[in-house]
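*Asks:* Sharing a sequence plus its predicted fold:
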Amino acid sequence: TDRAATWAEYTIVKEDEVARKPATLTFAQAAALPLSAQTAYEALFKHARIPRPMAEEFLSRPATRKDHRVLITGAAGAVGVYLVQLAAAAGVLVVAASSSNARNGDFLQGLGADEVVEYSMLDMYRGQFDVIIDMVGGEVLAKCWDYVADTGVLVAVDSASFNFVEEHEKRGLRKVGVHALFFIVNGSPDALRYIAELAGVGAVQSFVADTYPLARAREAYDLANGRSYGRGKVILTV
């Protein structure tokens, strides 16, 4: 949006910019969803072209063999947690990578990951992934070319990776048959409604690290800029 809204007690939105809050979520939990979850939605269903199941299918879908393999790096981060959940809801085989299995392994499995790995363990998966969605950038992203299948999809979301395809081509890393791209989330009413539906049936959890009243916004920003405040978003309340 191009309208001022930060720290606002009131704002004006268009009908296609909002969705009804699921009854199962608090207002703080609902506020934590849209940006990160829509980024995950677009990465998976728009750019990686994974078929999107209907929300009601989550409740009735039988267990099936998972032939489609998806790697998510930065899986325990703000967008990664929604990537894992949405990919699991879509019925693909989800490999969730983070810096520490001891810290994140049980958590990521609880979100639906089939396998949890540390970055140093990924060499065993050379050429095995149909889709890789990278949230980390840097050398983790550079190594993803080794892990993606020759005709797979490599999507980068980390803002510092905006020109990674060009840079990696110069370094001789790029695979010609791989569909590779960086994107910035657009958002859509369809995506927002879908995420709300999944949250409503329990397929997606929202994570709130803490809430602060608007008068303590500076404290909230200081907390969010730290590295050890817990999982989820820091929410301002009015």
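*Replies:* Nice, I can see it.
*Asks:* and the one helix or strand residue 86 maps to, how far from the chain's centre?
*Replies:* In the assignment (DSSP states H and E), residue 86 maps to helix 80-89. Counting by Cα atoms, centre = their mean, to the nearest Å, helix 80-89 is centred 6 Å from the centre of its parent chain.
*Asks:* same check, this time on stretch 137-145
*Replies:* Counting by Cα atoms, centre = their mean, stretch 137-145 comes out at 17 Å from the chain centroid.
*Asks:* Report the beta-bridge partners for residue 213.
*Replies:* Residue 213 has these beta-bridge partners by DSSP bridges: residue 237.
*Asks:* what comes up buried for the helix holding residue 86?
*Replies:* Within helix 80-89, the residues that count as buried by 16 or more other Cβ atoms under 10 Å are 80, 81, 82, 83, 84, 85, 86, 87, 88, 89. Heads up, the C-betas are built off the backbone N, CA and C, glycines and all.
*Asks:* Using CSV, write out every CA atom in the helix or strand just after it.
*Replies:* Note on helix 80-89: by DSSP H and E, the next helix or strand toward the C-terminus is strand 93-98. C-alpha atoms of strand 93-98 as CSV (Å, rounded to 0.1, in the frame of the first residue of the first chain):
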residue,chain,number,x,y,z
LEU,A,93,7.6,-33.8,1.3
VAL,A,94,9.1,-31.0,3.3
VAL,A,95,12.7,-30.9,4.3
ALA,A,96,13.2,-28.0,6.8
ALA,A,97,16.7,-26.6,7.2
SER,A,98,17.9,-24.4,10.0
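*Asks:* Does anything pack onto strand 93-98? Which helices or strands?
*Replies:* If you count contacts as 3 or more Cβ pairs under 8 Å, 6 or more residues apart in numbering; DSSP states H and E, strand 93-98 packs onto strand 69-73, helix 80-89, helix 101-110, strand 115-118.
*Asks:* So what's the gap between it and the chain middle?
*Replies:* Using Cα atoms, centre = their mean, the offset of strand 93-98 from its chain centre is 12 Å.
*Asks:* pLDDT of it, averaged?
*Replies:* The average pLDDT for strand 93-98 rounds to 97.
*Asks:* Same check on stretch 192-200?
*Replies:* For stretch 192-200, mean pLDDT rounds to 93.
*Asks:* Please spell out which residues along that stretch are buried.
*Replies:* Using 16+ other Cβ under 10 Å as the test for burial, stretch 192-200 gives 192, 194, 195, 196, 197, 198, 199, 200.
*Asks:* list the contacts for the spatially closest residue to residue 187 that is not a sequence neighbour?
*Replies:* For residue 187, ignoring the flanking residues on the chain, the nearest one in space by Cβ to Cβ, 6 or more residues apart in numbering is residue 38 at 5.1 Å. Contact analysis of residue 38 by Cβ atoms under 8 Å, 6 or more residues apart in numbering lists 185, 187, 188, 191, 192, 195.
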